[in-house]
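Student: Can you look at this prediction? I've put the sequence above it.
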Amino acid sequence: MWRGMIVFAGLLGAAGAAHADSRLFCSADDAQARFTLESGFANEGGHRLNHFRGALIVKDPAQAAFAKRLFESQHLSNHWSRDGELLLEVFDGGGDDTSGATLDLVVVAGARGKPAANFSGTYSLTIEGGSKPYAAEGKVSCGTK
């Protein structure tokens, strides 16, 4: 009898943990850029970031330093996920391989008060500090996993 109750309690605890977090993804592919971003947020108060990763290809040949970039949690400089609204800001400070240029990618998607499994929005991409500044905007598709 006790074993059954312990197993039942363990299953309830595991079920709660399985639904405690949400994973969001966004992607875009247009004439300027192609990227995918994936992030995980805790559902409890504060919506703490659990993980973040992404990949970006800038299609403009003049931006060869940022032609292919991979992103991890340290690149996510600002994030917000609440009640159907999503904001992600990815900042890549570059390095020796970018000659001092920096990249800023901002995604704004969804609508507050209207959570959905799939939603859309916009992105803006800026590259500054290189030989030629660059700016691009476009549409982004997002969803939950």
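Tutor: Arrived safely, thanks for sending. Numbering: from 1, shown residues only.
Student: P133 reaches I127, doesn't it?
Tutor: Yes - the pair P133 / I127 is scored as a contact, 6.7 Å apart, by Cβ atoms under 8 Å. C-beta: built from backbone N, CA, C; applies to glycine.
Student: So between the two, which is more surrounded?
Tutor: Legend: neighbour count by other Cβ atoms under 10 Å for P133 and I127, higher for I127 (24 against 11).
Student: Now name the helix or strand holding that one.
Tutor: strand 118-128 (DSSP states H and E).
Student: Buried residues, that strand. List them.
Tutor: Neighbour-count burial for strand 118-128 flags F119, G121, Y123, L125, I127 (criterion: 16 or more other Cβ atoms under 10 Å).
Student: Tell me the one of the residues you listed nearest G95?
Tutor: When the buried residues of strand 118-128 are ranked by distance to G95 (Cβ to Cβ), I127 comes first, at 13.8 Å.
Student: Grab the nearest non-local neighbour of the closest one.
Tutor: Y134 (4.1 Å; Cβ to Cβ, 6 or more residues apart in numbering).
Student: since we're on that neighbour, how many residues are nearby?
Tutor: Y134, neighbours per other Cβ under 10 Å, totals 18.
Student: which residues touch it?
Tutor: For Y134, the contact set (Cβ atoms under 8 Å, 6 or more residues apart in numbering) comprises V58, D60, A62, Q63, L125, T126, I127.
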